[in-house]
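**Q** need a structure here:
(one chain, ligands or ions: 2)
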Amino acid sequence: MSARRRSAFWSPAQAAASLVQLAYVERALAHILAGWAVKMPAFDAKLVFAAQMHRAMERASLLRSRVNGLCHATASEATVPAGWRTLLSQVDRAPAPSLLVAAVYRWLYPQLMALYEAHGRETDPDGDRPSVDLIRTFLPSLESERRQGLALSAKRGDRAWLHTIEELWNMRQSGDPLSLESALWGPLDRVPAATRPAGARFCPQGSLGLLPVDPVHDPRDVGMFLHKELDEEYTTLELMARNSYEHPDMAWAFHRDMARQACDEARHAVMITRLLAARGFRHGDFAFTTSSYDGLYAFEPCPPGSRRELLWRMLIRQTFMEGLAVDNLAYEIDHRRAVGQGDIAAVFDYILRDEVFHAQSGLRWSRELLACDPQSVLAEREQAIACFTARAEAARESYVMANLDEAMGELTAIQEGRERRGGKLPERPLNRTGRRQAGYTDGDILQVVTWGYARDDAGQPAGPSAPPG
Ligand SMILES: [Fe+2]
Ligand SMILES: [Fe+2]
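**A** Ligands and ions are numbered 1, 2, ... in the order given. A predicted model of the protein is given here:
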């Protein structure tokens, strides 16, 4: 990217035309990774996809601002030829995870890096300095992302299919001009169940899952407790990524929030894996659960793929469950530190900081979908939780009918846990500061306290977890 002597560099309009294509490729890359994270069997791939989805989305955002800066003075809009959409949606149509990895890391990343390098060579190094500086910071990240991606699969890809992509690459500048915001494609599939590695063992549907009797003092139960937490990180990563992928017409800021959260969950997964390893356990030592993805993907009253379905996912996972995480983590941090588990306390302390943002994002976007009407938020949350709870109860009933001995064993484990705590129910104190920082209203807080899921410090005690509704 040396500023060699030459007769003419690109004009601002040409620079903007190049930048908007780069922004589009980055945005489309984030979109593809968001759609595929849940379909990748390997956990490593999910972590890589979530982190890179976020990075690509952030690069796209910086480029988009730069494009807007170049187009503002002339009230013009830089557009992307529809050929780009045809090309990149074909990558998304990969017939298998290994072929997707080959297309993204053996083909798309090198093309993207070459486009960045071409921009650096052709643009005016003084007139378009902000873009040149951005590209200088992007290229090393892209190179390391490509290497990470290549490590996921050794397959070189299907030749005929890669040939189709090559042909579409040659046609990329054809077709109608599209605005950056409207140039993505709709979801190509529905994915109602999260993919796990071949041969994975799962907790049976309707069972109470892993039941650590003493998750504080017993080493194996501490491992089981962390294993459950790890599954929550992965399933949330997957659900947030799909929320972005399945709703490309939501606002740009929504996708940034979803990408950030997917990436946060990936970091949480890495930290919890580290805690497990320090105790001699690995992910897969206990049965997996994917209920926080599979059980929150679709709801009978919501048309598949609808905004209401998206709203219910956010209300339950982000504003309800992650709200409870804000409460529980604050309690766990103090408790774990008090019993000498400083490493768990420190990890949970980091997770808590992110969890407040996740709840905040869920509150923001669910309110946005309900025209900022607080009563509608409460009413929709109540309906969503009632539907979710009713379904869980039905699954529980069938499990108990078919597995009486196992169900009795579960009750015994719960009873034993209670005895070890001196007969007390698990602590669920409300974290009022955390909830306030996340943006919960008095009405939101009263709702969760009234349902019995959290004990209000201001006086209202938590009863048993009565199903709301
Ligand atoms: Fe998390
Ligand atoms: Fe979270």
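**Q** can you pull the contacts of the closest residue to ligand 1 within the chain?
**A** Ligand 1 sits closest to residue 268 of the chain, with a gap of 3.7 Å, by CB to the ion. (C-beta placed from N, C-alpha, C; glycine too.) By CB atoms under 8 Å, 6 or more residues apart in numbering, the contact list for residue 268 reads 233, 350, 351, 354.
**Q** Generate the PyMOL command that creates a selection of the buried members of those residues.
**A** In PyMOL, this line selects whichever of the contacts of residue 268 come out buried by 16 or more other CB atoms under 10 Å:
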select buried, resi 233+351+354
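**Q** quick one, strands of this protein?
**A** For the chain, applying DSSP state E gives strands covering 80-81, 177-178.
**Q** Identify the structural domains in the protein and state their residue ranges.
**A** The chain breaks down by automatic domain parsing into domains covering 12-174, 219-450.
**Q** Could you tell me which residues of the stretch 151-300 of the chain lie near ligand 1?
**A** Residues of the stretch 151-300 of the chain lying close to ligand 1 by CB under 5 Å from the ion are 233, 265, 268.
**Q** How many residues are close by residue 446?
**A** Here the number of neighbours of residue 446 (other CB atoms under 10 Å) works out to 14.
**Q** now do residue 297
**A** 21.
**Q** and what of residue 117?
**A** Other residues close to residue 117 by other CB under 10 Å number 13.
**Q** need the contact list for the residue positioned nearest the centre of the chain.
**A** Among the residues of the chain, residue 262 comes closest to the average C-alpha position under CA atoms, centre = their mean, at 2.6 Å. For residue 262, the contact set (CB under 8 Å, 6+ apart) comprises 34, 37, 50, 53, 54, 237, 240, 241, 244.
**Q** Give me the distance between the nearest residue to it once chain neighbours are set aside and residue 70.
**A** Spatially, and ignoring its direct neighbours in sequence, residue 262 is nearest to residue 50 (4.1 Å; CB to CB, 6 or more residues apart in numbering). Relative to residue 70, residue 50 is positioned 31 Å away (CB to CB, to the nearest Å).
**Q** Could you check which of those two is surrounded by more residues?
**A** More crowded of residue 50 and residue 70, by other CB under 10 Å: residue 50, with 28 against 24.
**Q** Enumerate every residue touching the more buried one.
**A** Residue 50 touches 33, 37, 237, 241, 262, 263, 265, 266, counting by CB under 8 Å, 6+ apart.
**Q** Now the two most distant members of the residues you listed.
**A** 33 and 265 (13.8 Å; CB to CB).
**Q** Would you mind telling me which of the two has the busier surroundings?
**A** Between residue 33 and residue 265, residue 33 has the larger neighbour count (other CB under 10 Å), namely 31 against 26.
**Q** Verify the stated contact: the more buried one with residue 241.
**A** Yes - using CB atoms under 8 Å, residue 33 is in contact with residue 241, at 7.5 Å.
**Q** anything in contact with each of those two?
**A** Counting by CB under 8 Å, 6+ apart, the residues touching both residue 33 and residue 241 are 49, 50, 53.
**Q** tell me, how many neighbours does the last one end up with?
**A** A count of nearby residues for residue 53, using other CB under 10 Å, gives 31.
**Q** roughly how far apart are residue 253 and residue 344?
**A** Taking CB to CB, one finds residue 253 at 34 Å from residue 344.
**Q** Neighbour count: the two, which is higher?
**A** Using other CB under 10 Å as the criterion, residue 253 and residue 344 rank with residue 344 on top: 25 against 13.
**Q** which one is that one nearest to, not counting chain neighbours?
**A** residue 336 (4.5 Å).
**Q** do the same with residue 352
**A** residue 329 (4.2 Å).
**Q** ditto for residue 256
**A** With CB to CB, 6+ apart as the measure, residue 57 is the residue that lies nearest to residue 256, at 5.7 Å, once sequence neighbours are left out.
**Q** so who does the one you found touch?
**A** 26, 27, 30, 255, 256, 259.
**Q** By neighbour count, which of the residues you listed wins?
**A** Most neighbours among these, by other CB under 10 Å: residue 30, with 30 neighbours.
**Q** wait, that one sits on residue 260?
**A** No - using CB under 8 Å, residue 30 is not in contact with residue 260, being 11.2 Å away.
**Q** Just give me the residues shared between the contact sets of these two.
**A** By CB under 8 Å, 6+ apart, the residues touching both residue 30 and residue 260 are residue 54.
**Q** Next one: the residue lying closest to residue 231 once chain neighbours are set aside, what pLDDT does it get?
**A** Leaving aside its sequence neighbours, residue 231 sits nearest to residue 289 (CB to CB, 6+ apart; 5.0 Å). Predicted confidence (pLDDT) for residue 289: 96.
**Q** what's the neighbour count on residue 289?
**A** 23.
**Q** give me phi/psi at it?
**A** Phi and psi for residue 289, reported as degrees, to the nearest 10, are phi -130, psi 140.
**Q** Report the contact partners of it.
**A** Contact analysis of residue 289 by CB under 8 Å, 6+ apart lists 202, 203, 209, 210, 228, 231, 235.
**Q** can you rerun that using 6 Å?
**A** Contact analysis of residue 289 by CB atoms under 6 Å, 6 or more residues apart in numbering lists 203, 209, 231.
**Q** And these, which of them are buried?
**A** 203, 209, 231.
**Q** surely the first one meets residue 209?
**A** Yes - using CB atoms under 6 Å, residue 203 is in contact with residue 209, at 4.4 Å.
**Q** and the buried ones among the contacts of residue 289 as JSON lines, adding pLDDT?
**A** Converted to JSON lines, these look like this (pLDDT from 0 to 100):
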{"residue": "203", "pLDDT": "95"}
{"residue": "209", "pLDDT": "92"}
{"residue": "231", "pLDDT": "98"}
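**Q** Need these in TSV (columns: distance to residue 408).
**A** Shown next, in TSV, are these (distance: CB to CB, whole Å):
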residue	distance to residue 408
203	17
209	16
231	25
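**Q** so how far is the first residue of stretch 186-197 from its last?
**A** One end of stretch 186-197 sits 27 Å from the other (CA to CA, to the nearest Å).
**Q** Return the set of buried residues in that stretch.
**A** 187, 191, 194, 195, 196.
**Q** Out of those residues, which comes closest to residue 365?
**A** Comparing every one of the buried residues of stretch 186-197 with residue 365 (CB to CB), the shortest separation belongs to residue 187, at 17.7 Å.
**Q** What's the per-residue pLDDT of the closest one here?
**A** The per-residue pLDDT of residue 187 was computed as 98.
**Q** now swap in residue 425 and tell me
**A** pLDDT for residue 425: 70.
**Q** quick one, phi/psi of it?
**A** With angles defined as degrees, to the nearest 10, residue 425 sits at phi -70, psi 160.
**Q** Okay, now the unreliable bits of the stretch 1-150 of the chain?
**A** 1-7 (pLDDT under 70).
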